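*Asks:* From the sequence below, what's the structure:
(one chain, ligands or ions: 1)
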Amino acid sequence: MFDINKILRPNIKNLTPYSSARDEFKGEASVYLDANENAYGSPLGTNYNRYPDPLQYAVKKRLSEIKGVPPRNIFLGNGSDEAIDILYRSFCNPGVDNVIIVPPTYGMYEVSANINDVALRRVPLTEDYQLDVDAIAGNIDEHTKIIWICSPNNPTGNSMERADVETLLANFSGLVVVDEAYINFSRQKSFIQELTEYSNLVVMQTLSKAWGLAGLRVGMAFASEEIIEVMNKVKPPYNMNEASQALALEALQNVTQVNDWIKETLTERDKLVLQLAKFNFVLDIYPSDANFILVKTTDANGIYNYLVQNGIIVRNRTKVELCEGALRITVGTPDENVKLIETLSKYE
Ligand SMILES: *Cc1c(COP(=O)(O)O)cnc(C)c1O
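*Replies:* Got it, this is the predicted structure:
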(Lines give C-alpha, C1' and ligand atoms only; values in the text may rest on other atoms or scores of the structure.)
Protein backbone atom coordinates (compact mmCIF):
# COMPACT_ATOMS: atom_id res chain seq x y z
CA MET A 1 0.00 0.00 0.00
CA PHE A 2 2.86 2.41 0.81
CA ASP A 3 4.50 3.76 -2.32
CA ILE A 4 7.27 6.28 -1.77
CA ASN A 5 6.74 7.74 -5.25
CA LYS A 6 3.17 8.69 -4.34
CA ILE A 7 4.23 10.76 -1.36
CA LEU A 8 7.53 12.29 -2.53
CA ARG A 9 7.45 15.93 -3.57
CA PRO A 10 7.86 16.12 -7.38
CA ASN A 11 10.81 18.53 -7.12
CA ILE A 12 12.61 16.11 -4.81
CA LYS A 13 11.87 13.13 -7.04
CA ASN A 14 13.54 15.06 -9.89
CA LEU A 15 16.35 16.54 -7.80
CA THR A 16 19.96 16.10 -8.88
CA PRO A 17 21.83 16.31 -5.58
CA TYR A 18 24.99 18.34 -5.06
CA SER A 19 28.02 16.29 -5.92
CA SER A 20 30.92 17.10 -3.59
CA ALA A 21 34.63 16.49 -4.08
CA ARG A 22 34.29 13.67 -1.55
CA ASP A 23 31.49 12.12 -3.61
CA GLU A 24 33.43 12.28 -6.86
CA PHE A 25 36.61 10.66 -5.58
CA LYS A 26 36.21 8.05 -2.85
CA GLY A 27 39.48 6.10 -2.88
CA GLU A 28 42.75 6.71 -1.02
CA ALA A 29 45.35 9.06 -2.53
CA SER A 30 48.53 10.75 -1.36
CA VAL A 31 47.81 14.26 -2.63
CA TYR A 32 44.37 15.86 -2.39
CA LEU A 33 44.05 18.98 -4.51
CA ASP A 34 40.34 18.64 -5.28
CA ALA A 35 38.45 20.55 -2.57
CA ASN A 36 40.22 23.90 -2.09
CA GLU A 37 41.11 22.97 1.47
CA ASN A 38 44.09 24.35 3.38
CA ALA A 39 46.74 21.70 2.68
CA TYR A 40 48.91 22.78 5.66
CA GLY A 41 46.50 21.82 8.44
CA SER A 42 44.48 23.66 11.10
CA PRO A 43 45.71 26.16 13.70
CA LEU A 44 44.73 23.63 16.38
CA GLY A 45 46.14 20.54 18.07
CA THR A 46 43.95 18.37 15.85
CA ASN A 47 43.59 18.89 12.12
CA TYR A 48 40.16 19.62 10.71
CA ASN A 49 41.35 20.99 7.39
CA ARG A 50 39.70 18.22 5.34
CA TYR A 51 35.99 18.05 4.62
CA PRO A 52 34.24 15.29 6.55
CA ASP A 53 32.73 12.10 5.12
CA PRO A 54 29.34 13.26 3.72
CA LEU A 55 27.73 9.89 4.57
CA GLN A 56 29.47 9.40 7.94
CA TYR A 57 30.32 5.79 7.16
CA ALA A 58 32.53 5.03 10.19
CA VAL A 59 29.89 6.25 12.67
CA LYS A 60 27.12 4.36 10.83
CA LYS A 61 29.15 1.16 10.85
CA ARG A 62 29.54 1.34 14.63
CA LEU A 63 25.87 2.27 15.09
CA SER A 64 24.94 -0.64 12.89
CA GLU A 65 26.74 -3.01 15.30
CA ILE A 66 24.95 -1.51 18.31
CA LYS A 67 21.48 -1.24 16.76
CA GLY A 68 21.47 -4.28 14.50
CA VAL A 69 20.51 -2.20 11.45
CA PRO A 70 22.59 -2.09 8.23
CA PRO A 71 24.35 1.27 7.54
CA ARG A 72 22.23 1.76 4.40
CA ASN A 73 19.15 2.01 6.65
CA ILE A 74 20.66 4.77 8.81
CA PHE A 75 20.52 8.54 8.28
CA LEU A 76 22.64 10.83 10.45
CA GLY A 77 21.75 14.44 11.02
CA ASN A 78 22.90 17.51 12.89
CA GLY A 79 20.57 16.51 15.74
CA SER A 80 17.20 14.79 15.23
CA ASP A 81 15.85 18.24 14.57
CA GLU A 82 17.61 18.16 11.20
CA ALA A 83 15.97 14.81 10.38
CA ILE A 84 12.56 16.29 11.21
CA ASP A 85 13.13 19.24 8.88
CA ILE A 86 14.44 17.00 6.08
CA LEU A 87 11.35 14.77 6.27
CA TYR A 88 9.16 17.86 5.78
CA ARG A 89 11.26 19.13 2.90
CA SER A 90 11.31 15.73 1.20
CA PHE A 91 7.67 14.72 1.48
CA CYS A 92 5.44 17.74 2.23
CA ASN A 93 4.49 20.24 -0.47
CA PRO A 94 4.29 23.68 1.19
CA GLY A 95 0.77 25.12 1.25
CA VAL A 96 -0.72 21.83 0.02
CA ASP A 97 0.08 18.91 2.31
CA ASN A 98 -0.63 18.32 5.99
CA VAL A 99 0.74 16.23 8.85
CA ILE A 100 -0.79 14.93 12.07
CA ILE A 101 0.64 15.66 15.51
CA VAL A 102 -0.74 14.29 18.77
CA PRO A 103 -0.35 16.92 21.51
CA PRO A 104 0.96 17.18 24.12
CA THR A 105 4.14 16.23 22.27
CA TYR A 106 7.59 17.43 21.24
CA GLY A 107 7.44 21.03 19.99
CA MET A 108 9.72 20.73 16.95
CA TYR A 109 7.19 18.82 14.82
CA GLU A 110 5.00 21.92 14.91
CA VAL A 111 7.75 24.56 14.54
CA SER A 112 9.29 22.69 11.62
CA ALA A 113 5.83 22.38 9.97
CA ASN A 114 5.35 26.12 10.33
CA ILE A 115 8.78 26.88 8.88
CA ASN A 116 8.00 24.65 5.91
CA ASP A 117 4.44 26.04 5.48
CA VAL A 118 2.88 22.63 6.05
CA ALA A 119 -0.59 22.46 7.67
CA LEU A 120 -0.88 20.77 11.06
CA ARG A 121 -3.76 18.61 12.20
CA ARG A 122 -3.80 18.25 15.94
CA VAL A 123 -5.33 15.12 17.39
CA PRO A 124 -4.88 15.33 21.18
CA LEU A 125 -3.85 12.28 23.14
CA THR A 126 -6.52 10.70 25.33
CA GLU A 127 -6.80 11.56 29.04
CA ASP A 128 -4.26 8.83 29.85
CA TYR A 129 -1.88 10.20 27.18
CA GLN A 130 -2.45 7.44 24.62
CA LEU A 131 -3.13 7.69 20.88
CA ASP A 132 -6.73 8.33 19.82
CA VAL A 133 -6.46 6.03 16.81
CA ASP A 134 -10.02 6.60 15.53
CA ALA A 135 -9.64 10.38 15.69
CA ILE A 136 -6.27 10.15 13.92
CA ALA A 137 -7.86 8.01 11.18
CA GLY A 138 -10.69 10.55 10.88
CA ASN A 139 -8.18 13.34 10.24
CA ILE A 140 -6.28 11.65 7.42
CA ASP A 141 -6.97 12.84 3.89
CA GLU A 142 -5.15 12.47 0.55
CA HIS A 143 -2.74 15.28 1.51
CA THR A 144 -1.70 13.79 4.84
CA LYS A 145 1.97 12.83 4.52
CA ILE A 146 3.29 12.18 8.03
CA ILE A 147 1.98 11.11 11.44
CA TRP A 148 4.40 12.17 14.23
CA ILE A 149 4.49 9.93 17.28
CA CYS A 150 6.87 10.38 20.19
CA SER A 151 7.38 7.29 22.36
CA PRO A 152 8.33 7.58 25.18
CA ASN A 153 6.53 10.87 24.80
CA ASN A 154 7.96 14.27 25.66
CA PRO A 155 6.62 15.91 27.90
CA THR A 156 4.36 13.20 29.39
CA GLY A 157 7.06 10.50 29.77
CA ASN A 158 4.90 7.47 28.90
CA SER A 159 5.24 5.10 25.97
CA MET A 160 2.48 4.73 23.40
CA GLU A 161 0.61 1.42 23.16
CA ARG A 162 2.51 -0.65 20.62
CA ALA A 163 -0.66 -2.07 19.04
CA ASP A 164 -1.94 1.46 18.31
CA VAL A 165 1.26 2.44 16.53
CA GLU A 166 1.11 -0.80 14.53
CA THR A 167 -2.50 -0.10 13.53
CA LEU A 168 -1.40 3.25 12.10
CA LEU A 169 1.61 1.71 10.36
CA ALA A 170 -0.53 -0.96 8.75
CA ASN A 171 -3.32 1.35 7.57
CA PHE A 172 -1.73 4.69 6.68
CA SER A 173 -0.16 5.16 3.26
CA GLY A 174 2.08 8.02 4.37
CA LEU A 175 5.00 7.95 6.81
CA VAL A 176 4.64 7.09 10.48
CA VAL A 177 7.57 8.60 12.38
CA VAL A 178 8.27 7.15 15.82
CA ASP A 179 10.58 9.47 17.75
CA GLU A 180 12.48 7.35 20.26
CA ALA A 181 14.74 10.02 21.79
CA TYR A 182 14.18 8.41 25.22
CA ILE A 183 14.13 4.74 24.19
CA ASN A 184 17.25 3.89 26.26
CA PHE A 185 15.25 4.55 29.43
CA SER A 186 12.16 2.64 28.34
CA ARG A 187 10.78 -0.76 29.28
CA GLN A 188 9.34 -0.97 25.74
CA LYS A 189 11.41 -2.35 22.93
CA SER A 190 12.39 -0.12 20.04
CA PHE A 191 10.39 -0.03 16.80
CA ILE A 192 13.70 -0.53 14.97
CA GLN A 193 12.88 -4.26 14.87
CA GLU A 194 9.77 -3.45 12.80
CA LEU A 195 11.63 -1.75 9.94
CA THR A 196 11.57 -4.89 7.83
CA GLU A 197 7.82 -5.24 8.49
CA TYR A 198 6.67 -1.69 7.63
CA SER A 199 8.08 0.22 4.64
CA ASN A 200 6.44 3.47 5.84
CA LEU A 201 8.15 3.46 9.26
CA VAL A 202 10.80 6.00 10.25
CA VAL A 203 12.36 5.56 13.71
CA MET A 204 14.27 8.51 15.12
CA GLN A 205 16.82 8.30 17.92
CA THR A 206 19.53 10.64 19.16
CA LEU A 207 22.86 10.73 20.99
CA SER A 208 21.61 13.82 22.88
CA LYS A 209 19.94 12.12 25.85
CA ALA A 210 21.21 8.81 27.32
CA TRP A 211 24.46 9.06 25.35
CA GLY A 212 25.29 12.41 26.88
CA LEU A 213 26.28 14.13 23.61
CA ALA A 214 23.67 16.88 23.22
CA GLY A 215 26.43 19.40 22.46
CA LEU A 216 27.73 17.40 19.49
CA ARG A 217 24.36 17.35 17.68
CA VAL A 218 24.05 13.77 16.45
CA GLY A 219 20.57 12.57 15.47
CA MET A 220 19.66 9.31 13.79
CA ALA A 221 16.82 8.16 11.57
CA PHE A 222 16.29 4.50 10.71
CA ALA A 223 14.13 3.60 7.71
CA SER A 224 13.94 1.68 4.44
CA GLU A 225 16.81 2.18 2.03
CA GLU A 226 14.60 4.19 -0.33
CA ILE A 227 13.57 6.65 2.39
CA ILE A 228 17.17 7.01 3.62
CA GLU A 229 18.34 7.65 0.03
CA VAL A 230 15.88 10.52 -0.28
CA MET A 231 16.96 12.02 3.04
CA ASN A 232 20.62 11.81 2.02
CA LYS A 233 19.84 13.54 -1.26
CA VAL A 234 18.08 16.43 0.49
CA LYS A 235 20.49 16.97 3.40
CA PRO A 236 23.32 19.51 3.17
CA PRO A 237 26.38 17.62 1.81
CA TYR A 238 28.51 17.92 4.97
CA ASN A 239 25.74 18.05 7.56
CA MET A 240 27.74 16.37 10.33
CA ASN A 241 31.06 17.99 11.06
CA GLU A 242 34.32 16.05 11.47
CA ALA A 243 34.68 16.75 15.22
CA SER A 244 31.18 15.40 15.89
CA GLN A 245 31.82 12.32 13.75
CA ALA A 246 35.15 11.56 15.44
CA LEU A 247 33.86 12.14 18.97
CA ALA A 248 30.61 10.24 18.36
CA LEU A 249 32.64 7.28 17.09
CA GLU A 250 34.84 7.40 20.20
CA ALA A 251 31.82 7.66 22.52
CA LEU A 252 30.09 4.75 20.82
CA GLN A 253 32.90 2.45 22.05
CA ASN A 254 31.77 3.18 25.61
CA VAL A 255 28.45 1.35 25.80
CA THR A 256 29.13 0.12 29.35
CA GLN A 257 29.44 3.63 30.80
CA VAL A 258 26.17 4.66 29.18
CA ASN A 259 24.36 1.56 30.41
CA ASP A 260 25.59 2.25 33.96
CA TRP A 261 24.24 5.81 33.78
CA ILE A 262 20.91 4.55 32.47
CA LYS A 263 20.57 2.13 35.40
CA GLU A 264 21.43 4.82 37.91
CA THR A 265 19.05 7.28 36.27
CA LEU A 266 16.18 4.78 36.55
CA THR A 267 16.98 4.15 40.23
CA GLU A 268 17.11 7.89 40.88
CA ARG A 269 13.86 8.41 38.96
CA ASP A 270 12.04 5.87 41.11
CA LYS A 271 13.42 7.51 44.27
CA LEU A 272 12.33 10.95 43.08
CA VAL A 273 8.81 9.69 42.37
CA LEU A 274 8.45 8.36 45.93
CA GLN A 275 9.81 11.57 47.46
CA LEU A 276 7.78 13.93 45.27
CA ALA A 277 4.60 12.00 46.02
CA LYS A 278 4.86 13.04 49.69
CA PHE A 279 4.51 16.77 49.02
CA ASN A 280 0.99 18.11 49.50
CA PHE A 281 1.38 20.42 46.47
CA VAL A 282 1.91 17.37 44.24
CA LEU A 283 -1.42 16.17 42.80
CA ASP A 284 -0.21 13.48 40.42
CA ILE A 285 2.99 11.96 39.03
CA TYR A 286 2.66 10.39 35.62
CA PRO A 287 4.31 7.01 34.96
CA SER A 288 7.60 7.66 33.15
CA ASP A 289 9.50 5.55 30.66
CA ALA A 290 12.09 8.35 30.25
CA ASN A 291 14.74 10.31 32.18
CA PHE A 292 12.21 12.91 33.31
CA ILE A 293 8.98 13.01 35.26
CA LEU A 294 5.84 15.00 34.57
CA VAL A 295 4.43 16.17 37.89
CA LYS A 296 1.00 17.74 38.27
CA THR A 297 1.00 20.36 41.03
CA THR A 298 -1.38 22.79 42.70
CA ASP A 299 0.66 25.79 41.51
CA ALA A 300 3.13 25.18 38.67
CA ASN A 301 4.05 28.87 38.26
CA GLY A 302 4.65 29.39 41.98
CA ILE A 303 6.82 26.31 42.35
CA TYR A 304 8.69 27.03 39.14
CA ASN A 305 9.56 30.59 40.26
CA TYR A 306 10.51 29.40 43.74
CA LEU A 307 12.90 26.82 42.25
CA VAL A 308 14.43 29.44 39.92
CA GLN A 309 15.08 31.71 42.95
CA ASN A 310 16.95 28.75 44.44
CA GLY A 311 19.02 28.14 41.33
CA ILE A 312 17.11 25.07 40.15
CA ILE A 313 15.56 25.10 36.69
CA VAL A 314 12.80 22.68 35.72
CA ARG A 315 10.46 22.96 32.72
CA ASN A 316 7.11 24.63 33.34
CA ARG A 317 4.57 22.89 31.09
CA THR A 318 1.40 24.35 32.63
CA LYS A 319 0.43 26.18 29.41
CA VAL A 320 0.58 22.99 27.32
CA GLU A 321 -2.78 21.35 26.61
CA LEU A 322 -3.61 18.41 28.93
CA CYS A 323 -0.66 19.49 31.13
CA GLU A 324 -2.27 22.18 33.32
CA GLY A 325 -0.34 22.52 36.58
CA ALA A 326 2.47 20.32 35.34
CA LEU A 327 6.22 20.65 35.73
CA ARG A 328 8.61 18.46 33.77
CA ILE A 329 11.56 17.50 35.91
CA THR A 330 14.70 15.89 34.44
CA VAL A 331 16.36 13.29 36.66
CA GLY A 332 19.74 14.68 37.74
CA THR A 333 22.72 13.24 39.59
CA PRO A 334 22.02 11.89 43.11
CA ASP A 335 23.34 15.18 44.60
CA GLU A 336 21.19 17.31 42.33
CA ASN A 337 18.11 15.26 43.15
CA VAL A 338 18.73 15.62 46.88
CA LYS A 339 19.08 19.37 46.41
CA LEU A 340 15.78 19.46 44.51
CA ILE A 341 13.89 17.54 47.18
CA GLU A 342 15.44 19.57 50.04
CA THR A 343 14.53 22.80 48.31
CA LEU A 344 10.97 21.65 47.58
CA SER A 345 10.50 20.53 51.19
CA LYS A 346 10.85 24.20 52.20
CA TYR A 347 8.24 25.40 49.72
CA GLU A 348 5.16 26.86 51.42
C1 LIG B 1 15.49 15.88 23.05
C2 LIG B 1 14.61 15.36 21.98
C3 LIG B 1 15.10 15.13 20.69
C4 LIG B 1 16.54 15.34 20.42
O5 LIG B 1 16.80 16.24 19.46
P6 LIG B 1 18.32 16.43 19.00
O7 LIG B 1 18.13 17.43 17.92
O8 LIG B 1 18.81 15.10 18.51
O9 LIG B 1 19.09 16.91 20.17
C10 LIG B 1 14.27 14.60 19.73
N11 LIG B 1 12.99 14.31 20.02
C12 LIG B 1 12.50 14.50 21.25
C13 LIG B 1 11.12 14.10 21.54
C14 LIG B 1 13.28 15.03 22.26
O15 LIG B 1 12.76 15.24 23.47
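*Asks:* who touches the residue in the chain that the ligand sits nearest to in this structure?
*Replies:* Of all residues in the chain, G79 sits closest to the ligand, at 2.7 Å by Cβ to the nearest ligand atom. Glycine gets a C-beta too; all of them are placed from N, C-alpha and C. Listed by Cβ atoms under 8 Å, 6 or more residues apart in numbering, the contact set of G79 reads 206, 208, 217-219.
*Asks:* Kindly report the same for N239.
*Replies:* By Cβ under 8 Å, 6+ apart, the contact set of N239 is 54, 76-78, 82.
*Asks:* can you pull out the strands in the chain?
*Replies:* 74-77, 98-101, 119-122, 144-150, 175-179, 201-206, 219-222, 282-285, 292-297, 315-316, 326-330 (DSSP state E).
*Asks:* on that earlier part again, so which of the contacts of G79 comes closest to Q245?
*Replies:* V218 (8.4 Å; Cβ to Cβ).
*Asks:* I'd like to know how many residues surround the residue nearest to that closest one when sequence neighbours are not counted.
*Replies:* In this structure, V218 finds its nearest non-sequential neighbour in L207, 4.1 Å apart by Cβ to Cβ, 6 or more residues apart in numbering. Residues near L207, counting by other Cβ atoms under 10 Å, number 25.
*Asks:* L207 against E250, yeah?
*Replies:* No. Judged on Cβ atoms under 8 Å, L207 makes no contact with E250 at a distance of 11.7 Å.
*Asks:* what's the residue closest to the geometric middle of this protein?
*Replies:* A181 (4.3 Å; Cα atoms, centre = their mean).
*Asks:* Would you list the phi and psi of it?
*Replies:* phi -60, psi -30 (degrees, to the nearest 10).
*Asks:* which strands and helices sit next to the helix-or-strand element of the chain with minimal mean pLDDT?
*Replies:* When each helix and strand of the chain is scored by mean pLDDT, DSSP states H and E, helix 21-24 comes last, with a mean of 84. Counting contacts by 3 or more Cβ pairs under 8 Å, 6 or more residues apart in numbering; DSSP states H and E, helix 21-24 packs against no other helix or strand.
*Asks:* when you give positions from now on, start the count at 58
*Replies:* Taking 58 as the first residue, the last one we looked at is helix 78-81.
*Asks:* Show me how far that helix is from its chain's centre.
*Replies:* 29 Å (Cα atoms, centre = their mean, to the nearest Å).
*Asks:* and if you look at stretch 333-353?
*Replies:* Counting by Cα atoms, centre = their mean, stretch 333-353 comes out at 23 Å from the chain centroid.
*Asks:* Give me the buried positions along it.
*Replies:* 333, 336, 338-339, 342-343, 345-353 (16 or more other Cβ atoms under 10 Å).
*Asks:* Check stretch 184-202 too.
*Replies:* In stretch 184-202, counting by 16+ other Cβ under 10 Å, buried: 186-188, 190, 193, 197, 201-202.
*Asks:* Could you dump those residues into TSV and include pLDDT?
*Replies:* As requested, the buried residues of stretch 184-202 are exported to TSV (pLDDT from 0 to 100):
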residue	pLDDT
Y186	97
Q187	98
L188	98
V190	98
I193	98
I197	98
T201	98
K202	98
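*Asks:* Among the residues you listed, which pair sits farthest apart?
*Replies:* So, the buried residues of stretch 184-202 by Cβ to Cβ: farthest apart are Y186 and K202, at 24.6 Å.
*Asks:* Could you point out the longest helix of the protein?
*Replies:* helix 312-334 (DSSP state H).
*Asks:* Per-residue pLDDT of the nearest residue to M217 once chain neighbours are set aside, please?
*Replies:* Computed as Cβ to Cβ, 6+ apart, the closest residue to M217 that is not its neighbour in sequence is S208, at 4.1 Å. Note on S208: pLDDT of 98.
*Asks:* Would you list the phi and psi of S208?
*Replies:* Dihedral angles (degrees, to the nearest 10) for S208: phi -150, psi 120.
*Asks:* now do the one 10 residues further on
*Replies:* Here is the backbone geometry of E218 (degrees, to the nearest 10): phi -60, psi 130.
*Asks:* Surely it is in contact with D189?
*Replies:* No. Judged on Cβ under 8 Å, E218 makes no contact with D189 at a distance of 11.2 Å.
*Asks:* give me the beta-bridge partners of R385?
*Replies:* L351, R372 (DSSP bridges).
*Asks:* tell me the contacts of it?
*Replies:* R385 sits in contact with 212, 214, 349-352, 371-374, where contact means Cβ under 8 Å, 6+ apart.
*Asks:* any idea how far the nearest residue to K266 once chain neighbours are set aside is from V291?
*Replies:* The shortest distance from K266 to any non-neighbouring residue, by Cβ to Cβ, 6+ apart, is to A238 (5.6 Å). According to Cβ to Cβ, to the nearest Å, A238 and V291 sit 22 Å apart.
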